[in-house]
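Colleague: Task: produce atomic coordinates for the following.
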Amino acid sequence: MSTRTMITMTTTALSPAASIARTSFRNVLSGLINCGYKSSSISCARQLLSSTTSRHAPESASARFASTTPQKIGCSNFSSSPTSSASSSALEPRKDALTSSDGVVGYPIDFDIASSVEGKESQIVTIRLEPNQILRAESGAMMYMTHGVQMNTTAGGGLSSGFKRMLTGQNVFISDYSYDGSSGPYGYVALGTDFPSKIVRINLEEYGGKVICQQGALLCASHTVDVNVEFTKKFSAGFFGGEGFVLQGLSGKGDVMVKAGGSLIRKDLKEGEVLRISSGCLVGFQEGVEFDVQMVPGFKNVLFGGEGLFMTTLTGPGTVWLQGQPPQRMISEIARRVPSGGIGLAVPIPGMGGSGSGGEGGDGGGGESTSGSS
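Modeller: Residues are numbered from 1 along each chain as shown. Sure thing, here's the model as predicted:
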């Protein structure tokens, strides 16, 4: 007897109560034939069919069919279907979670596709977060965050770590942003600067794992990036270099967002190449670049050049980032233009001798007194 005849006899012998399950089991038997299984496997499936239809309940037959694995009916090819393998791989947990120095665990952020810098003269950055990803940012820099994004403000390793960040121009506390996945696949955080600035992204691994920046340059970074205190190697560089004795060291694994005033440029220095810059124009430099100062040559240049007595020198090899409008320079220009008596608003108050009416009254009074005396 042929196999297809066995299928026809099996399906026609079913009672009317199992008509709903008949189509599903016919497909199973046809699948066994296509897999190349012989009459022994067909007999096993027919026994399963007769045991489920003997209850005269289509619901029970469907439930038993759903709970029966393909291995029990002898067709192992079903278990290796693309759908099964895809679902099993989707359930596997990610293994790329990273732990920061203060014990925060999270998935890394791919800033190449998850970050967007907007604006021209004054820029903001928007970061796209997936569930269990963590963005570490300067406290007070948040512009907006979408629903589902949570903010956790801590000292980032204790008060000692907060004190070190304070020495580098950052706040004592830092904010960690994470997304719980309640509003779709992504959440968004937008960060702004406290001064009209450009924002540049630096991948630390591309620069040897460490970049040294000016004080307060960090806007946000991966949660695995540490902020350390870097001292100038020479007393003259700290005193006359325009950046102070303490610089900001950014080290670790991941990316950082650094802010700079005015136009931002990048220079790649060769071995032994020297770049002389105005004090305060330095944003950051790669570890290995020598940071020093030298005197401005020429007596007239010192007095009338406007650059002061010293200028900063950077010696390669390595990469440096420069800014066209240092915040200190802009603040100094504003302060220089403020009158020494402060900013006064001449608001005349009736009966209080305002400046305008007082002047007129003084002149009028003086005139009457003169005419009376004459």
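
Colleague: Helices of the stretch 251-374 of the chain, start to end?
Modeller: With DSSP state H, counting those that start in this stretch as the criterion, the stretch 251-374 of the chain has helices at 299-304, 327-337, 355-373.

Colleague: any idea which of those scores lowest on pLDDT?
Modeller: Ranked by mean pLDDT, those bottom out at helix 355-373, with a mean of 42.

Colleague: I'd like to know how far residue 96 sits from residue 279.
Modeller: Here residue 96 is placed at a distance of 43 Å from residue 279 (CB to CB, to the nearest Å). Bear in mind the C-beta positions are built from the backbone N, C-alpha and C, glycine included.

Colleague: Tell me which of these two has more neighbours.
Modeller: Ranked by neighbour count (other CB atoms under 10 Å), residue 96 and residue 279 place residue 279 first, with 19 against 6.

Colleague: shouldn't the more buried one be in contact with residue 311?
Modeller: Yes. With contact defined as CB atoms under 8 Å, residue 279 counts as touching residue 311 (6.4 Å).

Colleague: which residues are common contacts for these two?
Modeller: Common neighbours of residue 279 and residue 311, counting by CB atoms under 8 Å, 6 or more residues apart in numbering, are residue 293.

Colleague: The stretch 101-250 of the chain: helices as residue ranges?
Modeller: Counting by DSSP H, counting those that start in this stretch, the helices of the stretch 101-250 of the chain are 111-114, 159-167, 235-240.

Colleague: Which neighbouring elements make contact with the first one?
Modeller: I take that to be helix 111-114. Counting contacts by 3 or more CB pairs under 8 Å, 6 or more residues apart in numbering; DSSP states H and E, helix 111-114 packs against strand 124-129.

Colleague: Looking at the strand it packs on now, give me its mean pLDDT.
Modeller: Here strand 124-129 scores 96 as its mean pLDDT.

Colleague: and it, which strands flank it?
Modeller: strand 115-118 (antiparallel), strand 187-191 (antiparallel) (DSSP bridges).

Colleague: For residue 253, which of those strands is the nearest?
Modeller: strand 115-118 (16.5 Å; CB to CB).

Colleague: Could I get the buried residue list for the closest one?
Modeller: residue 115 (16 or more other CB atoms under 10 Å).

Colleague: tally of neighbours for residue 166?
Modeller: 14.

Colleague: Make sure it is actually in contact with residue 172.
Modeller: Yes. Counting by CB under 8 Å, residue 166 does reach residue 172; the two are 5.2 Å apart.

Colleague: Give me the below-cutoff pLDDT ranges for the protein.
Modeller: For the chain, the stretches flagged by pLDDT under 70 are 1-94, 233-245, 298-308, 341-374.

Colleague: Residue 295 contacts residue 313, correct?
Modeller: No. At 10.6 Å, residue 295 does not count as touching residue 313 under the criterion of CB under 8 Å.

Colleague: re the thing from before, can I get the strands paired with strand 124-129 in CSV including distance to residue 317?
Modeller: Formatted as CSV, the strands paired with strand 124-129 follow (distance: least, CB to CB, whole Å):
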stretch, distance to residue 317
strand 115-118, 28
strand 187-191, 32
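
Colleague: of all these, which lies closest to residue 134?
Modeller: strand 187-191 (10.9 Å).

Colleague: distance of residue 211 from residue 310?
Modeller: Per CB to CB, residue 211 is found 24 Å from residue 310.

Colleague: Show me which of these two is the more surrounded one.
Modeller: Neighbour count, other CB under 10 Å: between residue 211 and residue 310, residue 211 has more, with 26 against 19.

Colleague: Which strand residues bridge that one?
Modeller: Per DSSP bridges, the residues bridged to residue 211 are residue 250, residue 286.

Colleague: For it, give me its contacts.
Modeller: With contacts defined as CB under 8 Å, 6+ apart, residue 211 is in contact with 202, 204, 249-251, 256, 258, 284-287.

Colleague: biggest separation within those, which pair?
Modeller: Greatest spatial distance among the contacts of residue 211 (CB to CB): 258 and 287, at 14.8 Å.

Colleague: who's more crowded, these two?
Modeller: Each of residue 258 and residue 287 has its neighbours counted (other CB under 10 Å); residue 258 has more, 24 against 14.

Colleague: what bridges to that one?
Modeller: residue 200, residue 218.

Colleague: Same check on the one 10 residues further on?
Modeller: The bridge-partner assignment for residue 268, based on DSSP bridges, gives residue 319.

Colleague: Surely it touches residue 289?
Modeller: No. Between residue 268 and residue 289 there is no contact under CB under 8 Å: 10.5 Å.

Colleague: In terms of neighbours, single out the busier of these two.
Modeller: residue 289 (18 against 11).

Colleague: give the contact list for the more buried one.
Modeller: Contacts of residue 289 by CB under 8 Å, 6+ apart are 269, 314-320.

Colleague: which of these count as buried?
Modeller: For these, a burial check counting by 16+ other CB under 10 Å picks out 269, 314-316, 318-320.

Colleague: which one of those sits closest to residue 128?
Modeller: For these, the closest approach to residue 128 (CB to CB) belongs to residue 319, at 27.0 Å.
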